[in-house]
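*Asks:* no sequence for this one, just the structure:
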């Protein structure tokens with residue numbers, strides 16, 4: 001959002017929808033031409049230059065809707081069809097930019113999920129080898145015999161490798177969670 005002039009102080013301010021040319025523009029999905037005089041400002045408690053000519057253009061991008069405003073404060077010359085076409089093009093561009101931004105976020109999320117799944121699969125394979133070795137070594141140690149102490153040492157080595165791999169998996173999980181974008185407010 002951008003705003004300049006005597007209205008800059010009202011950036012992010014709102015007016016009642018039923019009392020706003022923006023609300024009418026969004027409700028009708030049509031451009032609006034308007035003027036704003038001092039009585040309107042007095043009603044809202046606004047201190048700003050009167051709008052001698054205003055043009056609002058609606059735009060839509062998926063579930064988002066908005067308006068582009070162009071206002072004149074001192075000129076008595078009215079906006080014309082060329083101004084309308086320019087603002088309509090800007091509205092289309094704004095909608096396209098928002099769709100592109102949303103698609104980029106979805107693509108980035110998809111790529112991140114694919115990378116996490118690939119890494120988890122790699123780690124599962126890395127874990128499976130020492131885990132199978134540990135199971136086999138413990139089975140042999142359970143049978144008893146002269147090599148039991150050596151088998152227990154080997155099992156401890158394999159368990160240490162497994163512990164390191166699980167720690168790596170936990171670190172990847174924490175890093176993936178930290179890299180996810182925060183949920184957008186509703």
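*Replies:* Happy to help now that I have it. Quick caveat, the model's predicted, so the values are computed rather than measured.

*Asks:* hmm, who's touching the lowest-mean-pLDDT helix or strand in the chain?
*Replies:* Lowest mean confidence among the helices and strands of the chain (mean pLDDT, DSSP states H and E): helix 38-44, at a mean of 71. Here helix 38-44 makes contact (C-beta atoms under 8 Å, 6 or more residues apart in numbering) with 15, 19, 46, 47, 48, 50. (Glycine included, C-beta is placed from N, CA and C.)

*Asks:* contacting residues for the second one?
*Replies:* The contact partners of residue 19, by C-beta under 8 Å, 6+ apart, come to 43, 44.

*Asks:* how about 10 Å then?
*Replies:* 40, 43, 44 (C-beta atoms under 10 Å, 6 or more residues apart in numbering).

*Asks:* where's the first one relative to residue 21, distance?
*Replies:* Applying C-beta to C-beta, to the nearest Å, the value for residue 40 to residue 21 is 10 Å.

*Asks:* Output the contacting helices and strands for the longest helix belonging to the chain.
*Replies:* Using DSSP state H, we find that the single longest helix of the chain is helix 81-142. If you count contacts as 3 or more C-beta pairs under 10 Å, 6 or more residues apart in numbering; DSSP states H and E, helix 81-142 packs onto strand 51-61, strand 64-72, helix 148-179.

*Asks:* Report the mean per-residue pLDDT for the shortest one.
*Replies:* When the per-residue pLDDT values of strand 64-72 are averaged, the result is 85.

*Asks:* strand partners of it, parallel vs antiparallel please.
*Replies:* strand 51-61 (antiparallel) (DSSP bridges).

*Asks:* got the buried residues for the partner strand?
*Replies:* Across strand 51-61, burial judged by 16 or more other C-beta atoms under 10 Å covers 51, 52, 53, 54, 55, 56, 57, 58, 59, 61.
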